[in-house]
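>>> Whatever this is, show me its structure:
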Amino acid sequence: MPDTAVQTMVSDTHARVIAVIAVIAVMAIVRTAMVLATGFLLIAGCTPTVKVATDEPITINLNVNIKHEILVKVDRELDDLFSEDSGLF
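Model prediction:
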């Protein structure tokens with residue numbers, strides 16, 4: 001066999017080996033993606049949900065803050081009323 005025929009045969013074999021390695025790498029990437037997608041679907045399917053079933057609306061009681069504000073206003077008014085400048089005593 002001439003040298004060029006041997007070189008062509010080696011070159012073809014080399015190209016086939018590279019193609020096989022590329023196919024194996026792509027298959028590994030696809031397998032990893034499938035495993036990740038399956039795991040994500042399993043996790044997403046098991047997420048707990050909380051539903052509140054009530055006929056009454058939810059109310060938030062804010063009386064504490066309002067009462068505090070009223071007490072502060074009354075206290076300031078009493079301080080002004082009993083101050084030395086008021087002339088009450």
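
>>> shaky segments in the chain?
Within the chain, the stretches falling below the threshold (pLDDT under 70) are 1-3, 5-7, 9-10, 47, 62-71, 84-89.

>>> Centre of the chain to the lengthiest helix in it, how far?
Across the chain, the longest stretch assigned as helix under DSSP state H is helix 3-45. Relative to its chain's centre, helix 3-45 lies at 34 Å (Cα atoms, centre = their mean, to the nearest Å).

>>> ok, now how distant is residue 58 from residue 12?
75 Å (Cβ to Cβ, to the nearest Å). Placement of C-beta: from N, CA and C, glycine included.

>>> between those two, who's got more neighbours?
residue 12 (10 against 6; other Cβ atoms under 10 Å).

>>> Report the separation between that one and residue 21.
Spatial separation of residue 12 from residue 21 under the definition Cβ to Cβ is 15 Å.

>>> and what of residue 38?
With distances taken as Cβ to Cβ, residue 38 is found 26 Å from residue 21.

>>> try residue 75
Using Cβ to Cβ, one gets 84 Å for the distance from residue 75 to residue 21.

>>> Same check on residue 46?
38 Å.

>>> more neighbours, those two?
For the pair residue 46 and residue 21, the greater number of neighbours falls to residue 21 (10 against 7), based on other Cβ under 10 Å.

>>> Report the separation between that one and residue 31.
Taken as Cβ to Cβ, the spacing of residue 21 relative to residue 31 amounts to 16 Å.

>>> just residue 80 next, same as before
Relative to residue 31, residue 80 is positioned 80 Å away (Cβ to Cβ).

>>> again with residue 49
For residue 49 relative to residue 31 (Cβ to Cβ), the value is 32 Å.

>>> go on, residue 46?
Counting by Cβ to Cβ - residue 46 and residue 31 are separated by 23 Å.

>>> So residue 49 and residue 31 - more neighbours on which side?
Neighbour comparison, residue 49 and residue 31: the larger count goes to residue 31, with 10 against 4 (by other Cβ under 10 Å).
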